[in-house]
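[1] below are the sequence and a predicted model for it; my questions follow.
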Amino acid sequence: MDPSRPVIEDAAVLVEGERISAVDQFDALRHLSDGAEIIGSTEQWLMPGFVNAHHHGAAAGGSFRKGGADGPLERQLLAGHSSITYKGFGRFAYLNTLWLAGELIRSGVTCTTDFYYGAEEPPYLTCENGLQAYQQSGMRVAFIPVARECGSYVHGDDEVFLAGLPTELASRARELGLGRQPNVSQEVFVDCWKRIHDDFNGYEGRIQVFLGPDGPQWVSADYLRAIKNLAGAYGTGIQIHLLETRYEMLYGPRVLGQSVSEFLEGIGFLGPEVSGAHSVWLTDRDIEIYARTGTSAVHNPVSNLRLSSGISPVAPMLASGINVAVGTDSFGMNDDNDYICDLRLAAYLQRTPGIASTGLPSAQVLEMGTVNGAKALLLEGEVGSIRPGMKADLILLDTERMTSPVVHPGIPPEDIVVHRGMGQDVNTVIINGQVVMADREILTFDESKVKEELRIEAARAWESTKQAEQERQDTVREVEPYVVDYFESWDSSSLPARYQYNTR
Ligand SMILES: [Zn+2]
């Protein structure tokens, strides 16, 4: 959204190649552009496409689709990432990423992140499966190969944790290689990341390769410094899971002797090229640190509720000048993958009880989904609003359902989109000047063929790993109570509440 001209009636946008060349009244542009194809009608609204600023494509575990657990993050991580079913099924990862890109396109997303968990396998850490899907899909992506090296079971030393298990269970867990994967050494990661960057970054002007340290509890300070330096050398961005759960918050004082954000600021890690995915458990001091360092926050409203993580302090962060973007966090934590519905939830979560409660204006919510996302992904001035010179990442919304049966003519369109919009209202999607969906039909790949092949690949994967998977999941269930005990011993009831919904 362009804050100076939020809504224009009878408008048109002239697109030449990848970019917008003019924005004006329809009649004026029609003269200028004789012979140009006309897309859209007076029954539709044109908007900048949405930027899904935190998302995992095919490679994250823990979903209904993959058979993982559905519970609080720390339990989900143990179960979901222990799955071996999809390892070695590169075609499945490709198809799944492609299908998910289609789902996102259908809900009006023109640019996504993909925080991609591959394997410790040169040359590309198996990221080529996801990247090839983005090449095919037409989607703009900040692709983020994940760097992680420790904390497979808990936020702490795996060996110390395993030593607390009955000996037989610990050796079975070790033998089966349970726990969150992959762990990739700094040396292998840096080498592979450079290759991924060299071979995929800049593809058709719509693929960026970012860096993704999984979280401060999963990567050493040295590794984080190396990643920061690499980002500087390559002029690229970094995304990191940050303060997602109360245990991630407690990890700071318990293990680092200071809050996680203080620690990251102290090692020179934070900055405008860094975005903190989730950012739920921030103290006022953490908010100051984000604001001071120019670090973006990515809010994932559905995932934060689904995984019992909590409510992110979005309104206080925005009030402090922090750039807050919005992400779906993928199908694993958000099965409908409907970006517009997620924006609505983001808006409503800030409507705290009380007569003075104001919530967030709809225009600001849409900005979080567009311009703020662009800024978090270092695409400020390139995508996220509709101005001449910017990339043509545009969506057309059908107004019929949103305004049915009637809506008072005085209600602004941005309120209608935020309160009534759904992914199904997106009719046409243009990315980088290319029409990738027209009249709700994806044009860049055959969705029904992908679905069919995905079902065949999934059945093959399930069948061939059934026995081994069962053994692993049984062991996961035995280990899980120890994980719960571990974190329960950290719990502190003295944490002050930021949001209060009712009393008892
Ligand atoms: Zn995530």
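    Yes, it's here.
[2] let me know the pLDDT of Arg172.
    Note on Arg172: pLDDT of 93.
[3] meant to ask about Phe26
    Here the pLDDT value assigned to Phe26 is 91.
[4] likewise the one 5 residues further on?
    As predicted, His31 sits at a pLDDT of 85.
[5] and for Gly108?
    pLDDT, Gly108: 98.
[6] ditto for the one 3 residues further on
    In the prediction, the pLDDT value recorded for Cys111 is 98.
[7] ok but Glu9 is inside a helix, no?
    No - going by DSSP: H, G, I helix; E, B strand; the rest coil, the assignment for Glu9 is coil, not a helix.
[8] neighbours around it, how many?
    Counted with other CB atoms under 10 Å, residues neighbouring Glu9 total 8. Quick note: C-beta positions are derived from backbone N, CA and C, even for glycine.
[9] give me the distance between it and Gln76.
    Per CB to CB, to the nearest Å, Glu9 is found 46 Å from Gln76.
[10] what's the answer for Asp336, then?
    18 Å.
[11] with neighbour numbers in mind, choose between the two.
    Gln76 (21 against 14).
[12] does that one touch Asp70 like I think?
    Yes - with contact defined as CB atoms under 8 Å, Gln76 counts as touching Asp70 (7.1 Å).
[13] residues in contact with Ile416?
    Counting by CB atoms under 8 Å, 6 or more residues apart in numbering, Ile416 touches 399, 402-403, 407.
[14] could you confirm it falls within a helix?
    Yes - with three-state DSSP as the criterion, Ile416 is assigned to a helix.
[15] so Val298 touches Val280, yeah?
    No - Val298 is beyond contact range of Val280, at 10.8 Å (criterion: CB under 8 Å).
[16] more neighbours, those two?
    Neighbour tally, Val298 and Val280, criterion other CB under 10 Å: the higher count belongs to Val298, 30 against 26.
[17] remind me which residues of the protein are low pLDDT?
    Residues of the chain meeting the criterion pLDDT under 70: 1-5, 59-69, 80-84, 86-88, 180-181, 331-333, 492-493.
[18] so in it, which helix runs the longest?
    helix 447-488 (DSSP state H).
[19] how about the most centrally placed residue in the chain, phi and psi?
    In the chain, the residue lying closest to the centroid (CA atoms, centre = their mean) is His54, at 1.5 Å. With angles defined as degrees, to the nearest 10, His54 sits at phi -150, psi 120.
[20] surely it and Ser296 touch.
    No - counting by CB under 8 Å, His54 stays clear of Ser296, with 10.3 Å between them.
[21] mutual contacts of these two, please.
    Common neighbours of His54 and Ser296 (criterion: CB under 8 Å, 6+ apart): 275, 325.
[22] what's in contact with stretch 128-136?
    In this structure, residues lying in contact with stretch 128-136 by CB under 8 Å, 6+ apart are 57-59, 90-91, 93-95, 97-98, 101, 114, 116, 118, 124, 141, 143, 196, 200, 203-204, 207, 444-445.
[23] next, the buried residues of stretch 368-386.
    Buried residues in stretch 368-386, counted by 16 or more other CB atoms under 10 Å: 368-380, 382-386.
[24] same deal with stretch 302-309?
    Neighbour-count burial for stretch 302-309 flags 302-304, 306-307, 309 (criterion: 16+ other CB under 10 Å).
[25] take these and keep only those in helices.
    Judged by DSSP H, helices contain the following of the buried residues of stretch 302-309: 302-304, 306.
[26] show me where the stretch 101-250 of the chain has strands.
    Ranges of strands in the stretch 101-250 of the chain, per DSSP state E, counting those that start in this stretch, are 109-116, 140-147, 207-209, 212-213, 238-242.
[27] ok, the shortest one: who's next to it in the sheet?
    When pairs are called by DSSP bridges, strand 212-213 turns out to pair with strand 140-147 (parallel).
[28] what angle separates the strand it pairs with from strand 238-242?
    Interaxial angle of strand 140-147 relative to strand 238-242 (axes from the mean of the first three to the mean of the last three CA atoms, to 10 degrees): 60 degrees.
[29] in helices only, show me the buried residues of stretch 368-386.
    368-369, 371-376.
[30] could those residues be laid out in TSV, adding distance to Leu14?
    Converted to TSV, these look like this (distance: CB to CB, whole Å):
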residue	distance to Leu14
Met368	28
Gly369	24
Val371	21
Asn372	26
Gly373	24
Ala374	21
Lys375	25
Ala376	28
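[31] from these, which is closest to Thr503?
    Set against Thr503, the nearest of these by CB to CB is Met368 (30.1 Å).
[32] surely the closest one and Ala346 touch.
    Yes - the pair Met368 / Ala346 is scored as a contact, 6.7 Å apart, by CB under 8 Å.
[33] mutual contacts of the two, please.
    Common neighbours of Met368 and Ala346 (CB under 8 Å, 6+ apart) are 299, 314, 326.
[34] what's the PyMOL line that selects buried ones from the residues you listed?
    Per 16+ other CB under 10 Å, the buried members of the shared contacts of Met368 and Ala346 correspond to this PyMOL selection:
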select buried, resi 299+314+326
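[35] may I see the buried residues of stretch 491-502?
    Result for stretch 491-502 [16+ other CB under 10 Å]: buried residues Arg498.
[36] repeat that for stretch 158-165.
    Buried residues in stretch 158-165, defined by neighbour count with 16+ other CB under 10 Å: 158, 161-162, 165.
[37] how far is it from where the chain is centred?
    The chain centroid and the centroid of stretch 158-165 are separated by 32 Å under CA atoms, centre = their mean, to the nearest Å.
[38] restricting to C-alpha, output that stretch in PDB.
    Below are the C-alpha coordinates for stretch 158-165, written out as PDB (Å, rounded to 0.1, in the frame of the first residue of the first chain):
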ATOM      1  CA  ASP A 158      21.700 -33.300  23.900                       C
ATOM      2  CA  GLU A 159      24.200 -35.500  25.700                       C
ATOM      3  CA  VAL A 160      23.300 -34.100  29.100                       C
ATOM      4  CA  PHE A 161      19.600 -34.700  28.300                       C
ATOM      5  CA  LEU A 162      20.200 -38.200  27.000                       C
ATOM      6  CA  ALA A 163      22.200 -39.000  30.100                       C
ATOM      7  CA  GLY A 164      19.000 -38.400  32.100                       C
ATOM      8  CA  LEU A 165      17.100 -41.100  30.200                       C
END
